[in-house]
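Engineer: no sequence for this one, just the structure:
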């Protein structure tokens, strides 16, 4: 935890977040009605146990993900976990600000209330990282106000690191730069979803600019484009088909899936290997560059881990150097260039199949969304097309 001084918390005495987070993180976004008709029936206890046993030490969730926080809190409270791992052995990350699909509250009182609720749901006395969730849906000032509250909570010892999350890369960069100037310190972390995938690599250039803004860790979440880059289509949960991918994009992804299956690999495995390898070989990446992926079963997690282990390898020891070994995924800090060279031609074929959909971005927030009012408003045909 941070150390108190006469000026509050001496944040500079904390180790950098990049020295604590694992290269691979497990996301709790699939423990929600958006992704599953009955998320509370998912084997979250088994998933968390398997993840910890195999070296995953960073876990991400959000109040917006419905029962996700409570399910994870229950899993971490199980005797087989508490007897084998201390709370300091893993990183818990959650978010504030987004309550529902069309409900946001970035007020100081709600930020504090949300953090306290997350503490209860996750059954922990502190949170390692708290992100402002989907900041594109609110004004920059709303986000900066929430960051200020989170910094206060950090000084109080309730949370350890502060970040922002969202989809538009430019918005994340802008707020990160403004926050650094206003608060005299950079943000610890930025999380961006579905912007470093086989289909969309916009985050690549963004990572360089985030590093310039002093951001220590960048988390690339949704490496499958929120479940889009897989053979069996987008996830359909209890809320129906909410995925923003248009039918044209879905169609070419189905074609790409059929293509890679003829080569003996499934699209999800290939897409995961692509994202994990790309963020690790970028020349100007932040000190902490991590991929957040999800799994709805132990079997799916096992398959994802196998894919990751294929594209990664242990780092080489220099003469006279001794590298701590864990015997699990934490040892694999370098890209396996032999596997990458095998994958590169297939990556190119997939991207060729996606054609003009490469680089396509979803509209977030929706055109009808008003960031000042924080709600949907009517949009005329002229407004939608930009014509008078």
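Structural biologist: The structure has been received and is ready for your questions. None of these values were measured; they are calculated from a predicted model. Numbers count the residues shown, from 1 in each chain.

Engineer: pLDDT below threshold where in the stretch 201-350 of the chain?
Structural biologist: Within the stretch 201-350 of the chain, the segments meeting pLDDT under 70 span 318-322.

Engineer: all strands for it, in order.
Structural biologist: In the stretch 201-350 of the chain, the strands defined using DSSP state E, counting those that start in this stretch lie at 217-221, 288-293, 312-313, 334-335.

Engineer: Centre-most residue in the chain?
Structural biologist: residue 221 (3.1 Å; C-alpha atoms, centre = their mean).

Engineer: Who are the contact partners of that one?
Structural biologist: 27, 29, 60, 165, 191-194, 291-292 (C-beta atoms under 8 Å, 6 or more residues apart in numbering). Yep, even glycine has a C-beta here, placed from its N, CA and C like the rest.

Engineer: could you redo the last one with a cut-off of 6 Å?
Structural biologist: 27, 191, 193, 292 (C-beta atoms under 6 Å, 6 or more residues apart in numbering).

Engineer: Could you tell me which strands sit next to the host helix or strand of the second one in the sheet, and their orientation?
Structural biologist: Meaning residue 191. Under the criterion of DSSP states H and E, residue 191 resides in strand 189-193. Strand 189-193 pairs in its sheet with strand 159-166 (parallel), strand 217-221 (parallel), by DSSP bridges.

Engineer: Give me the angle between that strand and strand 288-293.
Structural biologist: 40 degrees (axes from the mean of the first three to the mean of the last three C-alpha atoms, to 10 degrees).

Engineer: So which bits of strand 189-193 are buried?
Structural biologist: Across strand 189-193, burial judged by 16 or more other C-beta atoms under 10 Å covers 189-193.

Engineer: From residue 375, how far out is the residue nearest to the centre of the chain?
Structural biologist: 26 Å (C-beta to C-beta, to the nearest Å).

Engineer: mind pulling up the phi and psi values for the residue lying closest to residue 243 once chain neighbours are set aside?
Structural biologist: Distances taken as C-beta to C-beta, 6 or more residues apart in numbering put residue 234 closest to residue 243, at 3.9 Å, once the chain neighbours are dropped. Note on residue 234: its backbone torsions stand at phi -70, psi 150 [degrees, to the nearest 10].

Engineer: Roughly how far does residue 234 sit from residue 115?
Structural biologist: Where residue 115 is concerned, residue 234 sits at a distance of 32 Å (C-beta to C-beta).

Engineer: got the contact list for residue 128?
Structural biologist: Per C-beta under 6 Å, 6+ apart, neighbours of residue 128: 91-92, 160.

Engineer: switch to 8 Å and redo it
Structural biologist: Counted by C-beta under 8 Å, 6+ apart, residue 128 has contacts 20, 91-93, 159-161.

Engineer: Identify the farthest-apart pair in these.
Structural biologist: 20 and 159 (13.6 Å; C-beta to C-beta).

Engineer: These two: who's more crowded?
Structural biologist: residue 159 (26 against 19; other C-beta atoms under 10 Å).

Engineer: OK, contacts around residue 249?
Structural biologist: Counted by C-beta under 8 Å, 6+ apart, residue 249 has contacts 199, 228, 354, 357, 360.

Engineer: And the pLDDT at the last one?
Structural biologist: Translated: residue 360. Looking at residue 360, its pLDDT reads 97.

Engineer: since we're on it, how many residues are nearby?
Structural biologist: Residues near residue 360, counting by other C-beta under 10 Å: 14.

Engineer: sorry, back to before: among the contacts of residue 128, name the least confidently predicted one.
Structural biologist: residue 20 (95).

Engineer: what's the closest non-adjacent residue to it?
Structural biologist: Here the residue nearest residue 20, using C-beta to C-beta, 6+ apart, is residue 91, at 6.0 Å.

Engineer: Excluding residues flanking it in the chain, which one is nearest residue 176?
Structural biologist: Nearest to residue 176 is residue 213, by C-beta to C-beta, 6+ apart, at 4.2 Å.

Engineer: ok, back up a step: which one of the strands paired with strand 189-193 lies closest to residue 47?
Structural biologist: strand 217-221 (16.7 Å).

Engineer: Next, the buried residues of the strand or helix carrying residue 354.
Structural biologist: Using DSSP H and E, residue 354 sits in helix 337-354. By 16+ other C-beta under 10 Å, the buried positions in helix 337-354 come out as 339-340, 343, 346-347, 350-351, 353-354.

Engineer: mind giving me a markdown table with those residues and columns for distance to residue 246?
Structural biologist: As requested, the buried residues of helix 337-354 are arranged in a markdown table below (distance: C-beta to C-beta, whole Å):
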| residue | distance to residue 246 |
| --- | --- |
| 339 | 32 |
| 340 | 31 |
| 343 | 27 |
| 346 | 25 |
| 347 | 23 |
| 350 | 18 |
| 351 | 18 |
| 353 | 16 |
| 354 | 13 |
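
Engineer: Show me which of these is closest to residue 279.
Structural biologist: residue 340 (13.0 Å).
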